[in-house]
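# let me see the structure of the following:
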Amino acid sequence: MEPINIHKFAPELHRKYLSFILNGKMPSSQSTMDTNRSILMYFAVSGLDILGEIENIPKERIKSIIDWIYSLQVVNNEDLVSGFQGSTTLNTLENKNQGSNYKWSHIANTYACLSTLLILGDDLGRVNRQAILDSLKTLQLPDGSFKGAKEGVENDMRFVYCAACICHILDDWSAVKVEAMVEFILNSISYDGGIGQGPDLESHSGSTFCAIATLALSNNLDRLTKAQFVALRRWLLYRFDGGFNGRPNKPIDTCYSFWTGGSLNILDAYEFIHNKNNPQFVLMTQDRHGGFSKWGHVVPDPMHTYLGLAGLSLMGFGGLNEMNCELNITKRTSEHLKNIQ
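Okay, here's the model as predicted:
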């Protein structure tokens, strides 16, 4: 079956949009993300990686980005809040290179910063691995889940995934009670086969991805029973309706082309929804100035741009770099990680 080319892919426009974000020129709609610039940097750099554009970033610019990311590193062995911050917002001349009130890391920012360093070819030589691992221990709760930071945030499957990625990248699982983590995931499998943010919560493709990617990274996918495995794949396959949605009776959305599609990829089930026309929904959400949005005729944003490109990559579309779904990075970057471990 030949694809219907209703919407033309415009990689050059996406390169310009992501470069705009990379250079810190945030659209006004993203101003609330100022304290999480490291996340925006991750989306921008990751999207450019999928497009094969990393080597076209000037070396001086790559060095400046790497140095900026390391400026976000917090080493505080007293309060056990080491890792990476979201931005330099709380960095001042007075607290430079030392801890201070609220100058704490967050598990998602730590994951994003480590991933971005890898994408840019850094060897993680300046990462204080032990400090990160010591602080990571304090974030795991008795039920096996993780909270995002030392105080005042949620605990759910998102942060379980971040913890798993951090341990995999640092090649050290000593900071995690793996059995408790796996039990938390298994206890979060819902009656319908999908996985929620925690036990007794609604199944969602985002939390399902985080759960099965964590099982894969920790070599525990075989802990799913045959019945659970079959039900999980079935639930994910039902999320496809010309595009992917995240829950039953919800509209299809660009980001789920990766969250749902990536989950199916990890479970070796992506082939069951393969269709040459699959890219058309994602392409419909392209903005004429570059970037992708969650739906058509909506303002694009960095997250949906990156995840849209990642989803298209899974579809084998447009000559994009292949994904390592478990770590949410390209295979090119995961090979670099193997070389430095």
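# now G193: which helix or strand?
With elements delineated by DSSP states H and E, G193 resides in a region that no helix or strand encompasses.
# show me what contacts it?
For G193, the contacting residues are S203, Q228, V230, A231, L232, R234, W235, by CB atoms under 8 Å, 6 or more residues apart in numbering. Placement of C-beta: from N, CA and C, glycine included.
# likewise F159?
The contact partners of F159, by CB under 8 Å, 6+ apart, come to I107, A108, L139, S145, F146, K147, G148.
# could you dump those residues to CSV with pLDDT, distance to C325 and secondary structure?
Listed next are the contacts of F159 as CSV, based on pLDDT from 0 to 100; distance: CB to CB, whole Å; DSSP: H, G, I helix; E, B strand; the rest coil:
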residue, pLDDT, distance to C325, secondary structure
I107, 97, 20, helix
A108, 97, 18, helix
L139, 97, 24, coil
S145, 98, 22, coil
F146, 98, 20, strand
K147, 97, 25, strand
G148, 96, 22, coil
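# biggest separation within these, which pair?
A108 and S145 (14.2 Å; CB to CB).
# where do the strands sit along the stretch 1-150 of the chain?
For the stretch 1-150 of the chain, the strands defined by DSSP state E, counting those that start in this stretch occupy 73-74, 83-84, 146-147.
# list the neighbouring strands of the first one plus their orientation.
In its sheet, strand 73-74 lies beside strand 83-84 (antiparallel), with partners assigned from DSSP bridges.
# for the strand it pairs with, give the mean pLDDT please.
Mean per-residue pLDDT for strand 83-84: 97.
# same question for stretch 120-129.
98.
# who touches that stretch?
45, 54, 57, 62, 65-66, 70, 73, 75, 82, 114, 117-118, 169-170, 172, 336, 340.
# just the buried residues from the residues you listed, in ChimeraX please.
Remark: buried members of the contacts of stretch 120-129, expressed as a ChimeraX selection using 16 or more other CB atoms under 10 Å:
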select :45,54,62,65,66,73,75,82,114,117,118,169,170,336
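# hang on, L314 packs against N265?
Yes - the pair formed by L314 and N265 meets the contact definition of CB atoms under 8 Å, at 5.8 Å.
# so those two - more neighbours on which side?
More crowded of L314 and N265, by other CB atoms under 10 Å: L314, with 21 against 18.
# which helix or strand contains the residue nearest to that one when sequence neighbours are not counted?
Excluding the flanking residues, the one nearest L314 by CB to CB, 6 or more residues apart in numbering is G261, at 4.7 Å. Per DSSP H and E, G261 falls inside helix 256-266.
# by contact count, what packs against that helix?
helix 205-217, helix 226-237, helix 302-314, strand 323-324 (3 or more CB pairs under 8 Å, 6 or more residues apart in numbering; DSSP states H and E).
# could I get the ones you listed as CSV with distance to D287 and mean pLDDT?
Formatted as CSV, those follow (distance: least, CB to CB, whole Å; pLDDT from 0 to 100):
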stretch, distance to D287, mean pLDDT
helix 205-217, 23, 98
helix 226-237, 28, 98
helix 302-314, 9, 97
strand 323-324, 22, 98
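# which residues touch the closest residue to S135 other than its chain neighbours?
Distance criterion CB to CB, 6+ apart; nearest residue to S135, sequence neighbours excluded, is S82 at 4.2 Å. Shown in contact with S82 (CB under 8 Å, 6+ apart): V74, V75, N76, S105, N128, A131, I132, D134, S135.
# before we move on, the earlier item: gap between the residue nearest to L314 and R15?
Here the criterion is CB to CB, to the nearest Å. By it, G261 lies 22 Å from R15.
# repeat for L201
For L201, the distance to R15 under the criterion CB to CB works out to 38 Å.
# and those two? Which one has more around it.
With neighbours defined as other CB under 10 Å, L201 and R15 compare such that R15 has more, 18 against 14.
# got the contact list for that one?
Going by CB under 8 Å, 6+ apart, the list of residues near R15 reads L48, L51, E53, G290.
# of those residues - the most surrounded one?
Comparing these by number of neighbours (other CB under 10 Å), L48 comes first, having 25 neighbours.
# ok, that residue touching F20?
No - using CB under 8 Å, L48 is not in contact with F20, being 11.3 Å away.
# shared neighbours, these two?
Residues touching both L48 and F20 by CB under 8 Å, 6+ apart: none at all.
# dump the residue contacts of I62.
Shown in contact with I62 (CB under 8 Å, 6+ apart): L120, G121.
# so what pLDDT did it get?
97.
# neighbours of G99, just the number please.
With other CB under 10 Å as criterion, G99 counts 16.
# distance of it from L114?
With CB to CB as the criterion, G99 and L114 are 20 Å apart.
# also L133?
12 Å.
# what residues are shared contacts of these two?
Common contact partners of L133 and L114 (CB under 8 Å, 6+ apart): L170.
# stretch 273-283: which residues count as buried?
Going by neighbour count (16+ other CB under 10 Å), the buried part of stretch 273-283 is I273, N278, P279, Q280, F281, V282, L283.
# with stretch 325-340 instead?
C325, E326, L327, N328, I329, T330, R332, T333, S334, H336, L337.
# got it, and stretch 69-88?
For stretch 69-88, by 16+ other CB under 10 Å, it's 69, 72-76, 80-87.
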